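S.K.: A structural model of the following input is requested.
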Amino acid sequence: MTANTLLLIIICFVVLEFIFGKVLDFLNSKSWSNPLPRLVEDLYDKDKYNKAKNYAKDNGNIALLSSVISLATILSILIFKGFGSLDSWINDLTANNILQSLLFFGMLSLGSFILNLPFSLYKTFVIEEKYGFNQTTLKTYILDFFKSLMLSILIGGAILSALTWVYYQLPNSFWWIAWIIMTMVSLFFATFYTTLILPLFNKLEPLEDGSLRESIESYASKVNFPLTNIFVIDGSKRSSKANAFFSGLGKKKAIVLYDTLMKDNTEEELTAILAHEVGHYKKNHIKQGMILGVIQTGVLFFLFGLLSSSSLLVAALGASSNSFHIALIGFSMLYSPISLMTGIGMNLLSRKNEFEADNFAKETYNGEPLQTALKNLSVNHLSNLTPHPSYVFVHYSHPPLIARLEALQ
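M.R.: Model prediction:
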């Protein structure tokens, strides 16, 4: 195989993945014309349903434009050896391997930010505003950007520096040392995300005393769930959309309810939602996901270790010499079909877990208020109630509303 052949393979992967994604998007856009099933036919009136369709259409149009520009950009970079040119420019600036990697990915991140900024602004301040979701002010948007930037520089830079150092200093042991590093990072974020990272962006307060907390504590006692932290997050600071999630490990585990969720649901419905989240804990879904993630990371670094020294990969990207950052970019493109397949597998498992958590809430609390809460979430988010099965299979981490309601009958 020649370098040009490998480059052609990479280009084919990029183009085929784009086509595959756009075909799924097209099929899903057409699914709006399907009649609503009996279980949900009363959720949307005509005006609301048209609003939901238009919301999906507007998001689809901006996503299509963004993806076309991204495709054209990456193809141009590949064809005109942009990665190699950037690598050569950085090599002229410094001979330090760690600085080279930091500068390389820093420049790529800057380019990606500039490319995506207009679409992010349009989606937030035009589309989300148009349909009544946006609560983000320009000040909040800018502050979020700088906070995210600082976290990326501090945490991302530290991780990248460590991996780069190991790659050059301990090449024969790189894959398993990198695996250990990333596993430790994953455990750290899984444990401390709610207490250390999330408060940088949102205000979290313990759920106040009252009938709702009493209802939740009564349920937690019934199912022997060690309830320690129930937080309310000011999600309304950025969007009127509602959510809830389980986070943390050990004594740091917490259930987080959006203030918008509390506004739109009854006490019984909120307790049912919490019962669903407890179901994830009781069914060991959190641990299961982490174990699978660790295994995937190990496989990824093992394969990277096998391919990272390939001179063909270096030449295909237009670089003059092997480096960690060039090897990582090339590998990520070759790995993309595998990543797509593992993503589908993880979504399949996630959907199964959601059914199990729903059933746990039904058996230990009550399925009816959970059904009502799920309906509220879907309608308030202007969700597609009849998504195309192929789109669901590839992209959905949660089952469609109708499937969940049928399972809860």
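S.K.: of all the residues in stretch 346-359, which ones are buried?
M.R.: N347, R351, N353, E354, F355, E356, A357, D358, N359 (16 or more other C-beta atoms under 10 Å). The C-beta positions use only the backbone N, C-alpha and C, and glycine is treated the same way.
S.K.: check the offset of that stretch from the chain's centre.
M.R.: In terms of C-alpha atoms, centre = their mean, to the nearest Å, the gap separating the centre of stretch 346-359 from the centre of its chain is 16 Å.
S.K.: check stretch 158-173 too.
M.R.: The answer for stretch 158-173 is 26 Å, by C-alpha atoms, centre = their mean.
S.K.: list the contacts for the nearest residue to N243 once chain neighbours are set aside?
M.R.: Spatial nearest neighbour of N243, chain neighbours left out: Y258 (4.9 Å); criterion: C-beta to C-beta, 6 or more residues apart in numbering. Going by C-beta atoms under 8 Å, 6 or more residues apart in numbering, Y258 touches V232, I233, G235, S236, K241, A242, N243, A244.
S.K.: before we move on, what's the pLDDT of the fifth one?
M.R.: Model confidence at K241, expressed as pLDDT, equals 88.
S.K.: equivalent analysis for the last one, please.
M.R.: Reading off the per-residue confidence, A244 sits at a pLDDT of 84.
S.K.: how about T73?
M.R.: With respect to pLDDT, T73 has a value of 97.
S.K.: now for the contacts of Y258, which pair is the farthest apart?
M.R.: V232 and K241 (15.5 Å; C-beta to C-beta).
S.K.: so I326 makes contact with L317?
M.R.: Yes - between I326 and L317 a contact is recorded at 5.8 Å, counting by C-beta atoms under 8 Å.
S.K.: thinking again about what came up before, got a quick PyMOL command for the buried subset of the contacts of Y258?
M.R.: The following PyMOL line selects those of the contacts of Y258 that are buried, judged by 16+ other C-beta under 10 Å:
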select buried, resi 232+233+235+236+241+242+244
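S.K.: CSV for the contacts of Y258, including secondary structure and distance to K282?
M.R.: Formatted as CSV, these follow (DSSP: H, G, I helix; E, B strand; the rest coil; distance: C-beta to C-beta, whole Å):
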residue, secondary structure, distance to K282
V232, strand, 23
I233, strand, 23
G235, helix, 25
S236, helix, 30
K241, coil, 27
A242, coil, 23
N243, coil, 21
A244, strand, 16
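S.K.: of all the contacts of Y258, which comes closest to L71?
M.R.: Using C-beta to C-beta, those come closest to L71 at K241, 28.8 Å.
S.K.: wait, doesn't that closest one sit right on F133?
M.R.: Yes - if you go by C-beta under 8 Å, K241 and F133 touch, sitting 5.8 Å apart.
S.K.: show me the contacts for N366.
M.R.: E268, A272.
S.K.: what's the distance between it and A319?
M.R.: For N366, the distance to A319 (C-beta to C-beta, to the nearest Å) stands at 60 Å.
S.K.: now do Y168
M.R.: 16 Å.
S.K.: please say which of the two ends up with more neighbours.
M.R.: A319 (24 against 13; other C-beta atoms under 10 Å).
S.K.: wasn't the more buried one part of a strand?
M.R.: No - applying DSSP: H, G, I helix; E, B strand; the rest coil, one finds A319 to be coil, outside a strand.
S.K.: my read: it touches D87, true?
M.R.: Yes - using C-beta under 8 Å as the test, A319 is close enough to D87 to be in contact (4.7 Å).
S.K.: list residues touching both of those two?
M.R.: Counting by C-beta under 8 Å, 6+ apart, the common neighbours of A319 and D87 are I326.
S.K.: for T266, give its distance to F188.
M.R.: Counting by C-beta to C-beta - T266 and F188 are separated by 37 Å.
S.K.: name the nearest residue to K30, ignoring sequence neighbours.
M.R.: According to C-beta to C-beta, 6+ apart, the nearest residue to K30 is H388 (7.3 Å).
S.K.: got a list of what the one you found touches?
M.R.: Each residue near H388 by C-beta under 8 Å, 6+ apart is listed here: L24, L27, N28, K30, S31.
S.K.: same deal with L102?
M.R.: G157, L160, S161.
S.K.: filter those residues down to the buried ones and express that as a PyMOL selection.
M.R.: In PyMOL, selecting the buried portion of the contacts of L102, with burial taken from 16+ other C-beta under 10 Å, looks like this:
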select buried, resi 157+160
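S.K.: need the residues that contact stretch 133-145.
M.R.: Contacts for stretch 133-145 (C-beta under 8 Å, 6+ apart): L121, T124, F125, E128, F201, S236, K237, R238, S239, S240, K241.
S.K.: for the first one, helix, strand, or coil?
M.R.: Same thing as L121. Criterion first, three-state DSSP; result for L121: helix.
S.K.: where's it relative to P369, distance?
M.R.: Taking C-beta to C-beta, one finds L121 at 38 Å from P369.
S.K.: pLDDT value on the residue nearest to K283 when sequence neighbours are not counted, please?
M.R.: Nearest residue to K283 in three dimensions, chain neighbours excluded: E356, at 5.1 Å (C-beta to C-beta, 6+ apart). At E356, the pLDDT value in this model is 97.
S.K.: same check, this time on V256
M.R.: For V256, pLDDT reads 89.
S.K.: and it, that one's in a strand?
M.R.: Yes - under three-state DSSP, V256 falls within a strand.
S.K.: run a quick neighbour tally on the spatially closest residue to it that is not a sequence neighbour.
M.R.: Nearest in space to V256, with sequence neighbours left out and distances taken as C-beta to C-beta, 6+ apart, is F231 at 4.8 Å. Here the number of neighbours of F231 (other C-beta under 10 Å) works out to 19.
S.K.: cool, and V379?
M.R.: 18.
S.K.: got the contact list for P35?
M.R.: So P35 contacts E41 (C-beta under 8 Å, 6+ apart).
S.K.: assign a three-state SS to it, would you?
M.R.: P35 is classified as coil under three-state DSSP.
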